[in-house]
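> Curious how this folds, go ahead:
(chains A, B, C and D, ligands or ions: 1)
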Amino acid sequence: MKAIVTVMPKPSVLDPQGAATAEAMKHLGLESVGRVRVGKSIEIELPGEPNEEKLHEIARDLLSNPVIEDYALEIVR
Amino acid sequence: MKAIVTVMPKPSVLDPQGAATAEAMKHLGLESVGRVRVGKSIEIELPGEPNEEKLHEIARDLLSNPVIEDYALEIVR
Amino acid sequence: MKFAVLRFPGSNCDQDCIHALSTFPGTEADYVWHKDTSLGGADVVVVPGGFSYGDYLRTGSIARFSPIMKTVKEFAAAGGLVIGICNGFQILCESGLLPGALVRNRDLHFLCKHVFLRVEQTDTPFTNASAKGAVLNVPVAHGEGCYFADDETLQRLNAEGRVLVRYCDAQGQVNEASNPNGSKENIAGICNEGRNVFGLMPHPERACDPFLGSTDGSVIFQSLLNWPTSPLRKSAA
Amino acid sequence: MNEPAITPEIIAKHGLTPDEYERIQKILGRDPNFTELGVFSVMWSEHCSYKNSKPELRKFPTTGDTVLVKAGEENAGVIDVGDGWAVAFKMESHNHPSAVEPFQGAATGVGGIIRDIFTMGARPVFNLNSLRFGDIRGDSAEARTNRRLFAGVVSGIAHYGNCIGIPTIGGEVYFDESYSGNPLVNVFCLGVLKHEEIARGAASGIGNPVFYVGAETGRDGLAGAAFASRDLTEESKQDRPAVQVGDPFREKLLLEACLELLASGCVAGIQDMGAAGLTCSTCETASRGGTGVEIDLALVPKRETGMTPYETLLSESQERMLVIVKKGQEDSVRQIFEKWDLPYAEIGTVKDDGFMRVKENGVTVVEIPARSLADEAPIYNREVSEKNLPAPFDAATLPETDVTAALVALMSHPSLASKRWVWRQYDHMVRLGATVLPGSDAAVFIVREANKILAATSDCNAIYCRLDPREGAKVAVAEAARNLACSGAVPLAVTDNLNFGNPHKPENFLMLREAVEGLAEACREFNTPVTGGNVSLYNESPNGTIDPTPTVGMVGQIADIKHVTTQAFKAAGDVILLLGQ
Ligand SMILES: Nc1ncnc2c1ncn2[C@@H]1O[C@H](COP(=O)(O)OP(=O)(O)O)[C@@H](O)[C@H]1O
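Numbers count the residues shown, from 1 in each chain, chains lettered A, B, ... in the order given. Sure thing, here's the model as predicted:
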C-alpha cells in the first residue's frame, strides 16, 4: 500500500520554475503551452493499513506549507 | 486540457530528500512508514489537443533526467 | 547579555554568529543543540543560517519540529528576544513565529553578494541603534529568499510597522532593480506582533569586520545590546 | 553463490590485461573468484593505483621544511603554517561523472575532496574549482550541450559547497572546443588543523574494531573508479548506473561527527570511502598499518536488499567512512554517531596476518594480501613518441587583423569574460574568511581559528600546454605564484591535477611526461613542494583528445593583513609601473 501526496504552489504564489519550464517547452517546439506549475510528488510506502487522518496531518504540517502550497492525498491500494 | 508529468528518482538512486522526509515522518508519529521518495509533479495547461509524442519528448528531455529519474505522463481531459 | 545560538543538523553559520558576537564587549554566546529543551538562561536566541536538514522538502520545514523549537516558542511567547538569520528566518516562518514564507529566488539561482538594506523602523530591539532610513551594506547568500505573504498579511505588516528592513539601492531607493530575489515589496526582514521576534534573509554577522568589506551589520547586534536601557523600549512597551 | 565464471571476456571487461590476470593468479596461488576479480580491477585501475603515472609522479619535489605529511603518504599532504597550525589541501577531478551527469557529477566531486581533507583531521575552510568546457556560444546542438554541462556543473558545485557551509572562494573557467563532450571538473579543498591533530589512515592495533559510518551502501556508482579510467565513448552512456547522487547534508553530519570523534582520542585510524568504496578503504588501511583487516558484509548498513558481495564491495555510495577504533572506546564512538543521527555499524577487526578478508555471514568471500592490492599494482612505463603530437604553432600562419577588432573579440570571449555568473552562485562568504572576494588574482582568506591569512589560486592555460607541455606547465606554476605574490602572499606549496588523454597513445604519454617535468622544475624553482594531487587520464571523446591540462592549485601565506593587495586601480594620480619585459 502507498500514499501519494502531491504538493502544488498556490495560484497566487510566484512560480519562477514553472515559468522557466514553460519557456523552455516553447523552445522545444510546444508552442501552444499554457501555464506550467512545478510542484512536488511524495510517494510514501506504507506497510500496514494507512491511518488517513495522520497522513492528512503530515501532508498539511510537514509536506506542504499552507501559506504557499496546496496538497492532495491519494491512497493507492 | 492539461498534462501532468510526475518525475521520480529511479528506484536504485539515492534520494536524500526522501530519506530525510521519512525520518521526519517517524518523529511526527507515523512510525510504520516504509520508503519515501520525493519527486516532482509538473502540471502543464494545454489550450488545444495535446501532441502526446511531443509531450513525451519534453518529459524525457527537459522535465526529467533519464540518468537518475523516471517519468510518467498523464493527460487529463 | 547572554546569547543562545541554536545548532540544527545542517546549520552552518552557527560558528560565524558566535565569532561575530564575541567581538562585542559584554556578550556571552553559547551553542544550544537542537535536541536540548533548555536555552540555558539566554537573553537572546539566535537561529543561524545554513541548510538545516539539508533544506530538504522546504527550507526550514523539518527543523521546526526539533525539540528546542518548542522551548523557543515558549520563550518568544514570554517576550524573549529571537533573531533568525537566513535559514533561521525560514525556520521562524515555518514555525509560525513569523508570518509568510520564503520561496525560490526569482531567477532560480543561489545568490551570494552584498546588497543594501533600508532600515524602516527603529523602535525595536533589533534596529534601535540605527536611524530610520539608514542604508546598510550587508551580504545575502541564499537560493530561497523570496519573501511571500498574501495581501492581507502584507497590509498588516505595513500598517503595524513590522517590516524592519527592505532591499534598496545605495541611495536608499526601494525599487525593482534593487530587489535581489523577487521578494514582495522588497521585504528583507520582518518582526512579529510583539516586536520581539525578528527574521531577515541578509547576514549581519558577515558584516561586522572591516576586513570582510562592511561593518554595517553590527548595528543589529548593537541594538540588541542597547535594548535593556534604550529609551525606545519604554515607548514600545 | 551464483557468481559468473571467469572468462577472458569478463577479465577484459574489468579492464585487466591477460598479464595482469596472470599476476593475480600468482599472488593468490589460485584463480580469483568473481568478487576478487572485481576488487583487483578497481584497485589496479589508474584511478586508484596510478599504474601509468606513478613513475612520472616520483619526479615532483615533495619535501621541504614545511612539509608535515608528504604527497602519497595519506589522503592529502599537510603543510606547516606556523604557531603549531597546519593546512591540508588537495585537488581532485570528477571529469567523467560530470560528463554523464553534470550536476551530481560535480557535486559528488566536491563531496569527495572535502572527505579527503577532514579525514586528515582538518576542518575544511575553503574550496576552489577549476573548470573546462567546450564552446558555449551559438545555437548548435554542441553549444547547447556545453551550456547544459556548464550550468549543471556550476549548480552542482554550488549545491554541495553551499549546503555543507564551506565557501567556494575562487577558481577558473575556460571554454575551448577540445573539451567539448569531455568537460574538466577539478575541485580543491583546504582544511586547517593543529600539528598534533593529524589523523592517519592506518589500521593499527591488532584486535581493534573496525566501524562503518555514514550513508547506507547502495548499488550506485558501481565500479566508478574503473569507469573513470576508460575513454568516454557512446557506450559510456550504458554506464549510467555509475552515477552517484550526493547528499551534502549527510556529509555535513559526517564531517562534524568525525572531527568530534578525532578530538575524543578514540580513533586509531580513519579513511574515507571514495573511489572503490569499502574495497579501497579496507585494503589501504591494512596495507598502511602493515596489518590485516577482516570485515563481514552482512553487517554493513545497506540501502537496498539482495546486494551481492561484489556489489557491496565495489559500490561507490557517497558520504561513508571507515573508522578503526581503539579497543574499549566503542561506546564513546557510538554516542557520537548517535548524536549526529548517522547510520553506523561495527563491521570487523584489525588482524595481524596482512590479509584483506571479507566475509558474508561468516563465509569468506574475499581473501587477498592487502599489500598486493594497495601497493603492488603493476607499474607501466608507457611508450612515448612525438609522432602524433599536435602540430607546432607557426606564428606566420596568423592572419592580419585589426588590433581593435582583435581586442574586442578577446574581451568578449567567454574564457576572458567576467565569471561573476559563476561565483555569485557559490557562497563565498560563509566562515567569515574571504577578505578578497572572487574577482581578483587570488582568493585571500582569514582562517579565524588559527589567526592565519592564506591565499590560494588555481591556474592552467592549456593552450600553452598544447603548444609546449613542458613550458606550458611551467607557465601554470609561474602564473599561480604571480597571482599569490600580487595578492601579498608568499607561495607555500602546490597540489596538481593532471588531466590528459589515453596514456596508451604514445603522444599523450609524452605530453604527460613533459608537463610533469615542467611542473617539477617550476615547483623546485619556487620552492613549493607538491603535496599531492590527482591524475585523470582517458579524457577523450569522439571529438578527440583534450588539450593537456595540468591544473595547478597553489597556496600561499600572508604575513600581515596590511600586505593584502587587490587588483583594481585605487586612486587617480597613482603611478602605474610595468614590470618585466
Ligand atoms: N569556477 C570559479 N569558481 C569561483 N571563482 C571563479 C571561478 N572562475 C573564476 N573565478 C574567479 O573569477 C576571478 C577571475 O578569474 P579568471 O578570469 O580566471 O582571472 P585570472 O585570469 O586573472 O586568473 C578570480 O577571482 C577567480 O577566482
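> Check the spacing between the residue in the stretch 151-300 of chain D positioned nearest to chain A and C:Gly199 real quick.
Here the stretch 151-300 of chain D gets closest to chain A at one residue, D:Ala151, 12.0 Å apart by C-beta to the nearest C-beta. Heads up, the C-betas are built off the backbone N, CA and C, glycines and all. According to C-beta to C-beta, to the nearest Å, D:Ala151 stands 31 Å off from C:Gly199.
> next one: D:Ile6
Distance from D:Ile6 to C:Gly199, counting by C-beta to C-beta: 62 Å.
> what about these two, which has more around it?
C:Gly199 (29 against 16; other C-beta atoms under 10 Å in any protein chain shown).
> Name whatever forms a beta bridge with the more buried one.
Beta-bridge partners recorded for C:Gly199 (DSSP bridges): C:Gly84, C:Ile190.
> From what I see, it and C:Pro99 are in contact.
No. The pair C:Gly199 and C:Pro99 does not pass the contact test of C-beta atoms under 8 Å, sitting 10.0 Å apart.
> got any residues that touch both of the two?
Here C:Gly199 and C:Pro99 share the contacting residues C:Cys93, C:Ile190, scored by C-beta atoms under 8 Å, 6 or more residues apart in numbering or on different chains.
> what does chain C have sitting close to chain B?
Neighbours of chain B within chain C, by C-beta under 8 Å from any C-beta of the partner chain: C:Tyr53, C:Gly54, C:Tyr56, C:Leu57, C:Ile62, C:Phe65.
> which SS class is D:Thr551?
Secondary structure assignment for D:Thr551 (DSSP: H, G, I helix; E, B strand; the rest coil): strand.
> re earlier: so what pLDDT did the residue of the stretch 151-300 of chain D closest to chain A get?
D:Ala151 is assigned a pLDDT of 97 by the prediction.
> most distant residue from the middle of chain A?
Going by C-alpha atoms, centre = their mean, the residue of chain A most distant from its centre is A:Gly29, 25.6 Å out.
> How about that residue: what's its closest non-neighbour residue?
B:Lys54 (6.4 Å; C-beta to C-beta, 6 or more residues apart in numbering or on different chains).
> Please give the element, helix or strand, for D:Leu510.
helix D:506-526 (DSSP states H and E).
> For chain C, which segments are assigned as helices?
Secondary structure of chain C by DSSP state H: the helices cover C:14-22, C:67-77, C:87-94, C:151-159, C:218-226, C:231-236.
> can you list contacts of the longest one?
For helix C:67-77, the surrounding residues in contact (C-beta under 8 Å, 6+ apart) are C:6, C:32-39, C:45, C:47, C:63, C:82, C:91, C:95, C:97, C:192, C:194, C:196-197.
> so of these, which ones are in strands?
Taking DSSP state E, the ones among those that sit in strands are C:Leu6, C:Val32, C:Trp33, C:Val45, C:Val47, C:Val82, C:Val197.
> List only buried entries from the residues you listed.
C:Leu6, C:Val32, C:Val45, C:Val47, C:Val82, C:Val197 (16 or more other C-beta atoms under 10 Å in any protein chain shown).
> For the fourth one, give its distance to the ligand.
Right, C:Val47. According to C-beta to the nearest ligand atom, to the nearest Å, C:Val47 and the ligand sit 29 Å apart.
> give the contact list for that residue.
So C:Val47 contacts C:Leu6, C:Val72, C:Val82, C:Ile83, C:Gly84, C:Ile85, C:Asn87, C:Gly88, C:Phe89, C:Ile91, C:Leu92 (C-beta under 8 Å, 6+ apart).
> Before I go, just wanted to say thanks for your time.
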